[in-house]
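In: No sequence on hand, only this structure:
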C-alpha cells in the first residue's frame with residue numbers, strides 16, 4: 001500500500017517481534033484512514049479563510065447600499081456558511097457525531113436562508129426576527145470555531161494551510177461576537193453606544209468592528225457597552241477570545257513539536273535498520 005505524503009509524521013514505523021493482533025491491526029488501519037482524510041482537508045483551509053474575510057470587507061458597503069447591499073451581504077454570508085460546512089465533515093464514525101454534524105448543517109442552512117428574507121421583502125420584519133437570525137448565525141460561527149479547534153487538534157502536521165485554518169477560526173470568533181452583539185442590541189436597545197454611526201442599517205457593521213476591536217484588546221473607545229448587558233457581553237467575549245487563542249497556540253505548538261520528534265525517531269529507526277541490515281537482530 002502506497003504511503004500518504006505527510007502521514008509518516010503521524011504513524012511511527014512498528015518493528016514488532018510478534019504479529020499484530022487483529023484489534024491492533026484494525027486500529028492502525030483506522031488511524032491511517034483518518035490521517036489521509038485530515039491531510040485531504042488541508043486544501044480547504046485557505047478557501048475558508050478567504051470566505052471568512054469577505055463579509056468583513058464588504059459590510060461597510062452593504063450597510064449603505066439598500067437592496068443591492070442586502071443581496072451582497074446574503075451572498076457572502078451564504079458562501080461562508082457553505083464553505084464552513086464543506087471544510088468540517090465528520091471524521092469519526094460515532095453516530096452522535098453525525099447527529100451533531102446534521103444539527104450544525106441545519107443551523108447554517110436556516111441562518112443562511114433567513115438572510116434572503118429581507119432581500120425578498122425589502123426590509124427586516126421586526127426586531128425579534130432580526131435578533132433570532134443573528135442568534136442563529138452567531139451559533140453557527142461559534143460552532144465552526146469550536147469544530148475547527150477540534151479538527152486542528154487532530155491534524156498530523158502543521159503547515160501554512162493549517163495556519164490558514166487557525167486564522168479562519170479566529171475570524172469566525174470575531175464574526176460570532178459581531179452578530180451576537182447585534183442580536184443583543186436589537187433585543188435590549190441601548191446595550192451599546194455606537195457613536196455617530198448609530199443608524200439601524202449599519203448596526204451589524206459597527207458591532208462586528210466592535211467585536212474584533214474587543215477580542216484584539218485594542219479598545220479604541222468609539223463603540224462602547226452602555227449598560228450592564230453590554231458590559232457582561234464584553235466580559236464573555238474577551239474571555240472566550242483569550243481562551244481560544246491560548247488553546248489554539250498550545251495545540252499547534254504541541255502538534256509541531258510532536259511531529260518533529262516523531263520524524264527524528266523515524267529517521268533514527270530507519271538508520272538503525274540500514275546499519276543492522278535486513279534480517280539482523
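Out: Happy to help now that I have it. Computed from a predicted structure; not experimentally measured.
In: Now do the buried residues in stretch 214-233.
Out: Of all the residues in stretch 214-233, those buried under the rule 16 or more other Cβ atoms under 10 Å are 214-215, 223, 225-226, 229-230, 233. Any C-beta I mention is one placed from the backbone N, CA and C, and that applies to glycine too.
In: Turn the residues you listed into TSV, columns for distance to residue 144 and pLDDT.
Out: Converted to TSV, the buried residues of stretch 214-233 look like this (distance: Cβ to Cβ, whole Å; pLDDT from 0 to 100):
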residue	distance to residue 144	pLDDT
214	19	93
215	15	92
223	24	89
225	25	92
226	29	90
229	25	93
230	25	92
233	20	94
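In: Please identify the one among those residues that lies nearest to residue 150.
Out: Ranked by distance to residue 150 (Cβ to Cβ), the buried residues of stretch 214-233 are led by residue 215 at 20.0 Å.
In: Could you find the closest non-adjacent residue to that closest one?
Out: residue 241 (3.6 Å; Cβ to Cβ, 6 or more residues apart in numbering).
In: May I ask which helix or strand encompasses that neighbour?
Out: Residue 241 is part of helix 228-276 when elements are defined by DSSP states H and E.
In: Help me confirm that residue 230 comes into contact with residue 187.
Out: No: in this structure, residue 230 is not within contact of residue 187 by Cβ atoms under 8 Å, at 11.7 Å.
In: returning to what we had before: could you dump the buried residues of stretch 214-233 into a markdown table and include distance to residue 56?
Out: What follows is those, written out as a markdown table (distance: Cβ to Cβ, whole Å):
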| residue | distance to residue 56 |
| --- | --- |
| 214 | 15 |
| 215 | 13 |
| 223 | 15 |
| 225 | 21 |
| 226 | 24 |
| 229 | 25 |
| 230 | 22 |
| 233 | 20 |
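In: Where does pLDDT dip in this structure?
Out: Within the chain, the segments meeting pLDDT under 70 span 1-20, 90-97, 125-126, 196-201, 258-281.
In: can you pull out the strands in it?
Out: Here the chain has its strands, by DSSP state E, at 192-193, 224-225.
In: Kindly present these as JSON lines, with separate columns for distance to residue 61.
Out: Output for the strands of the chain, formatted as JSON lines (distance: least, Cβ to Cβ, whole Å):
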{"stretch": "strand 192-193", "distance to residue 61": "22"}
{"stretch": "strand 224-225", "distance to residue 61": "25"}
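In: For stretch 139-149, give me every contacting residue.
Out: 81, 84, 88, 104, 107-108, 111, 165-166, 168-170, 172-173, 175-176, 179, 244, 247-248, 251 (Cβ atoms under 8 Å, 6 or more residues apart in numbering).
In: same deal with stretch 209-222?
Out: Outside stretch 209-222, the residues that touch it by Cβ under 8 Å, 6+ apart are 56, 170, 173-178, 181, 192, 195, 223, 234, 237-238, 241.
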